[in-house]
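> just a sequence and a predicted model for now, questions to come.
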Amino acid sequence: MIFWLTVLIILALTGLFLYWQLIIAEGAYLGARVVAFTYDCVAEKYNNIKEFEDKFEDFAIGVPIANRFHRQPKGMILDIATGTGRVPLALMRQTSYRGQIIGLDRASRMLSVAHRDTVTLDKRVILIQADAMALPFADNSFPMVTCLEALEFMPSPEQGLREMVRVLAPTTHRHPDQGWLFTSNRIGWEARLMPGKTWSTEQLRAILEKLPLRYIDITPWESIYDMVWAQKIANGE
Ligand SMILES: C[S@@+](CC[C@H](N)C(=O)[O-])C[C@H]1O[C@@H](n2cnc3c(N)ncnc32)[C@H](O)[C@@H]1O
């Protein structure tokens with residue numbers, strides 16, 4: 001009797017552990033390869049699972065990005081962890097924006113879905129397979145960098161932020177509208193089950209201030225994410 005009870009407890013604990021690691025944390029503690037594999041497994045179903053609606057995506061993502069680019073509508077944007085191309089697709093629906101966007105992700109099948117849905121967009125969406133921990137771009141390359149719903153799955157979310165800010169061109173007197181970072185912060189009860197991968201609003205604000213970013217705006221967005229906007233300033237300003 002005690003033997004079977006022990007077996008049952010071990011099985012239950014193993015099940016809970018696997019649920020935590022693979023379903024809630026989506027492999028985040030097991031390395032970038034496991035995360036990419038997890039997303040590749042669901043790539044074809046991802047858009048249906050997320051139930052994206054154009055109207056909401058335009059309101060929350062496409063329009064705010066395009067508006068910040070009204071002075072340089074051809075400025076190039078980098079979307080890190082682009083997945084199936086959510087940000088590129090929302091941006092390409094905005095007629096005021098006429099530039100190109102690079103969508104970067106580690107998961108090849110997520111990028112295949114993104115390619116299928118953006119291939120008709122006249123080469124304005126460029127897809128690259130790479131790791132967000134070491135971006136293959138020079139410092140200060142992009143007037144805007146975006147990364148939605150992905151930081152918490154990276155090996156080091158703080159290094160992910162540092163890389164985003166490194167490749168982001170700071171705002172200048174000539175280009176006061178550049179230097180924008182648009183990202184998300186995981187909230188809710190699941191965020192508390194991902195220690196070391198998520199931050200409280202205060203913790204995130206402190207990290208962003210040091211990078212150095214200003215005009216930090218962290219506002220409620222989806223039930224499990226806050227939306228984060230901030231602008232990079234040149235060192236010493
Ligand atoms: C929840 S999806 C978000 C996709 C898209 N940004 C969206 O909002 O629909 C998370 C994405 O992050 C990507 N990702 C996670 N860790 C990564 C890393 N270290 N480098 C590049 N991409 C990564 C995954 O492959 C996946 O496509």
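Here it is on my side, so go on. Numbering: from 1, shown residues only.

> switch to C-alpha atoms for all contacts and neighbour counts from now on
Noted.

> which element follows the longest strand anywhere in the chain toward the C-terminus?
What stands out as the longest strand in the chain, according to DSSP state E, is strand 213-222. Later in the chain than strand 213-222, the nearest helix or strand by DSSP states H and E is strand 225-232.

> and Arg71, that one's in a strand?
No - assigned with DSSP: H, G, I helix; E, B strand; the rest coil, Arg71 falls outside any strand and is coil.

> for it, give its distance to Arg98.
Using Cα to Cα, to the nearest Å, we find Arg71 at a distance of 11 Å from Arg98.

> higher neighbour count, those two?
Arg98 (17 against 13; other Cα atoms under 10 Å).

> over to the closest residue in space to Ala81 that isn't next to it in sequence: give its phi and psi.
Once flanking residues are discounted, Ala81 sits nearest to Asp105: 4.4 Å by Cα to Cα, 6 or more residues apart in numbering. Torsion angles at Asp105 (phi, psi; degrees, to the nearest 10) stand at phi -160, psi 160.

> ok, the longest strand of the chain near the ligand or not?
No - remark: strand 213-222 sits outside contact range of the ligand, by Cα under 6 Å from any ligand atom, the gap being at least 11.3 Å.

> repeat that for stretch 111-118.
No - residues of stretch 111-118 contacting the ligand under Cα under 6 Å from any ligand atom: none, with a closest distance of 7.8 Å.

> which element follows the longest helix seen in the chain toward the C-terminus?
The single longest helix within the chain, with elements called by DSSP state H, is helix 2-18. Using DSSP H and E, the helix or strand that follows helix 2-18 in sequence is helix 32-42.

> kindly export the helix or strand following that next one (C-alpha atoms) in CSV.
Moving toward the C-terminus from helix 32-42, the next helix or strand (DSSP H and E) is helix 46-50. What follows is helix 46-50, C-alpha atoms only, in CSV (Å, rounded to 0.1, in the frame of the first residue of the first chain):
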residue,chain,number,x,y,z
TYR,A,46,-0.3,29.3,-33.2
ASN,A,47,-2.5,32.0,-34.9
ASN,A,48,-5.7,30.0,-34.1
ILE,A,49,-4.6,29.5,-30.5
LYS,A,50,-3.9,33.3,-30.1
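
> show me what counts as buried in helix 46-50.
46-47 (16 or more other Cα atoms under 10 Å).

> what does this structure have sitting close to the ligand?
32, 35-36, 39, 81-83, 86, 105-107, 110, 130-133, 147-150, 153-154.

> now with 5 Å?
With Cα under 5 Å from any ligand atom as the criterion, the chain comes near the ligand at residues 36, 81-83, 105-107, 131-132, 148-150, 154.

> name the helix or strand for His175, please.
Counting by DSSP H and E, His175 is part of no helix or strand.

> count of residues packed around it?
Based on other Cα under 10 Å, the number of other residues close to His175 is 13.

> how about Gln159?
15.

> could you find the closest non-adjacent residue to it?
In space, Gln159 is closest to Met133, 6.3 Å off (Cα to Cα, 6+ apart).

> doesn't Thr183 belong to a helix?
No - using three-state DSSP, the assignment for Thr183 is strand, not a helix.

> low pLDDT regions in the protein?
For the chain, the stretches with pLDDT under 70 are 236-237.

> beta partners of the residue nearest to Ala81?
Gln129 (DSSP bridges).

> contact partners for it?
80-83, 111, 128-132 (Cα atoms under 8 Å, 6 or more residues apart in numbering).
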